[in-house]
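Student: Test case, fold it:
(one chain, ligands or ions: 1)
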Amino acid sequence: MPQSPLLLPARNPSEWTGPTGNNTWLLRGKVPALIDAGTGDADHVASIERALDGRPLAVVFITHGHPDHAGGLPALRARWPALRVVDAAMDPQPAGDTLLEIVPTPGHAPDHLCFFDAPSGDLYCGDLARRGGSIVIPARKGGNLRDYLASLHRVRALAPRRLLPGHGPVVDDPIALIDDYLAHRAARERQIVDAIADGARPPEEIVARVYAGLSEGLRRAAIETVEAHLQKLEEEGRR
Ligand SMILES: [Zn+2]
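Tutor: Predicted structure coming up:
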């Protein structure tokens, strides 16, 4: 029986990353493997070393290039010079005592990947989903809502048993969460289409109609979301 994956917080706490920072997941066993690199925090790297009991980390899987997920690569390479990096679509790769399928899931970022352990049903999902919040689709920085929705459907079709995300707790009911996400995005799209039909044009104006009473920080995130929807409507020839 493969050992269960070990959560090692990356210790980069913030409003966005969560109180203990990003999640990284260590698979011990034949091929010691880490999912996501964190940011290179020295205590994080030390926690990986301790958990491996002197054995070298063999491979790191990167869900996407955002700095809270990939920024720690130089620190990991400095500690384990033979470290292999999996950060692009390729054949399944050994990790721990299992094989991980590499599932391209663009949307939050164009290079986003999920890693699927089919025998256990564990899906390492990076920033595809998180419990207790929706995922930002930064349309101006490579985010794409149509791709994101297609990625949710792709992952749903794998019928994972659990999601092990880049932020927040493990998700034990992935299908329900994904269906919530899909319903939420569809409802948001209807509101935006209605606002446009009512004459709202710039994203700021649409946000003012669709989201009432937002703080400045949230207003900026809402504008990004509306921009992602507008890009989708445009791609579909509906705007
Ligand atoms: Zn990200």
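
Student: Checking Ile175 next. Helix, strand or coil?
Tutor: What DSSP: H, G, I helix; E, B strand; the rest coil gives for Ile175 is helix.

Student: Next up, identify which helix or strand Thr20 is on.
Tutor: Under the criterion of DSSP states H and E, Thr20 resides outside all helices and strands.

Student: Mind listing the residues bridging to the nearest residue to it once chain neighbours are set aside?
Tutor: Using C-beta to C-beta, 6 or more residues apart in numbering and skipping residues adjacent in sequence, the residue nearest Thr20 is Pro9, 3.8 Å away. Placement of C-beta: from N, CA and C, glycine included. Counting by DSSP bridges, Pro9 is bridged to Asn23.

Student: list the contacts for Pro9?
Tutor: Thr20, Gly21, Asn22, Asn23, Thr24, His44 (C-beta atoms under 8 Å, 6 or more residues apart in numbering).

Student: make it 7 Å
Tutor: Thr20, Gly21, Asn23 (C-beta atoms under 7 Å, 6 or more residues apart in numbering).

Student: Can you tell me which one of those sits lowest on pLDDT?
Tutor: Lowest pLDDT among the contacts of Pro9: Thr20, with 93.

Student: Check whether it really touches Pro13, as I assumed.
Tutor: Yes: with contact defined as C-beta atoms under 7 Å, Thr20 counts as touching Pro13 (6.0 Å).

Student: While we're on the spatially closest residue to Leu100 that is not a sequence neighbour, how confident is the model there?
Tutor: Sequence neighbours aside, Phe115 is the residue nearest to Leu100 in space, at 4.3 Å (criterion: C-beta to C-beta, 6+ apart). Note on Phe115: pLDDT of 98.

Student: so how far is the ion from Phe115?
Tutor: Distance, Phe115 to the ion, by C-beta to the ion, to the nearest Å: 15 Å.

Student: Need the three-state assignment for that residue.
Tutor: strand.

Student: what residues does stretch 161-173 touch?
Tutor: Residues outside stretch 161-173 that contact it (C-beta under 7 Å, 6+ apart): 5, 17-18, 22-23, 25, 36, 63, 69, 120-127, 129-132, 174, 177.

Student: just the buried members of the residues you listed?
Tutor: The neighbour-count criterion (16 or more other C-beta atoms under 10 Å) marks 5, 17-18, 22-23, 25, 36, 63, 69, 122-127, 129-130, 174, 177 among these as buried.

Student: Just give me the longest strand of the protein.
Tutor: When the chain is parsed with DSSP state E, its longest strand is strand 98-104.

Student: by how many degrees do that one and strand 113-117 diverge?
Tutor: Strand 98-104 and strand 113-117 are oriented at 150 degrees to each other (axes from the mean of the first three to the mean of the last three C-alpha atoms, to 10 degrees).

Student: how about strand 98-104: buried residues?
Tutor: Quick answer for strand 98-104 (16+ other C-beta under 10 Å): Thr98, Leu100, Ile102, Val103.

Student: Same question for stretch 217-237.
Tutor: Neighbour-count burial for stretch 217-237 flags 221-233 (criterion: 16+ other C-beta under 10 Å).
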